[in-house]
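Undergrad: pasting a predicted model and its sequence here:
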Amino acid sequence: MAGQDNATTGIQELGTEVLSTRGSITNGLSSPIRGFRFTANFEGLGTTSFKTVEGFSSDVDATDYREGGFGYLTKRKVPGLINYGDLTLTKGLYSNPLLYNFFNDYLEGSNFTPVNAVITVFNNAGEPTASWSVINAWPNKYESSGLAADSSDILIETLGLVHEGIKRDVTVATA
């Protein structure tokens, strides 16, 4: 017991806390958000659910720049353009061809207006806990899973979205 007290005291002296999500010892800490209850709301499509939404990524290009007047040959790195990963949305295939029609409208050129979307994650009580706004999205890929006479798997449709930005709404988590 004495050794355990010393170990605990040593951890506290280092300023390191044991992360726990139980009881009053959490000091305001909460558990990470679980990503299995979410919806996506698209302008013109309304709110729908998906099996997966993937591709929440962004990165900044680094551009090499050489300044004159230095006695050494070193390149400086300056920030360049921001790149956003394509979003990939998958869901079970229903008789209503909503996603296919959304893609096909772009394919045929009858509607090439980018749309905004909001993807929201909910906790077990049904309250929003995280949200992302997708800016000026348009479909660049549609795919449906294959057919097989020896399988009873659910058909899956996949929609790829290109967009001009994705922003995390931090007010949802603090509200």
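TA: Happy to help now that I have it.

Undergrad: distance check, the closest residue to residue 147 other than its chain neighbours against residue 90.
TA: Nearest-residue entry for residue 147: residue 155, 7.7 Å, with adjacent residues in sequence omitted and distances by C-beta to C-beta, 6 or more residues apart in numbering. Bear in mind the C-beta positions are built from the backbone N, C-alpha and C, glycine included. The gap separating residue 155 from residue 90 is 11 Å, by C-beta to C-beta, to the nearest Å.

Undergrad: could you pull out the helices in this protein for me?
TA: For the chain, helices defined by DSSP state H occupy the ranges 2-13, 98-107, 171-174.

Undergrad: show me where pLDDT drops low in this structure?
TA: For the chain, the stretches with pLDDT under 70 are 1-30, 69-72, 172-175.

Undergrad: what is the neighbour count of residue 51?
TA: 12 (other C-beta atoms under 10 Å).

Undergrad: surely residue 161 and residue 142 touch.
TA: No: using C-beta atoms under 8 Å, residue 161 makes no contact with residue 142, being 10.5 Å away.
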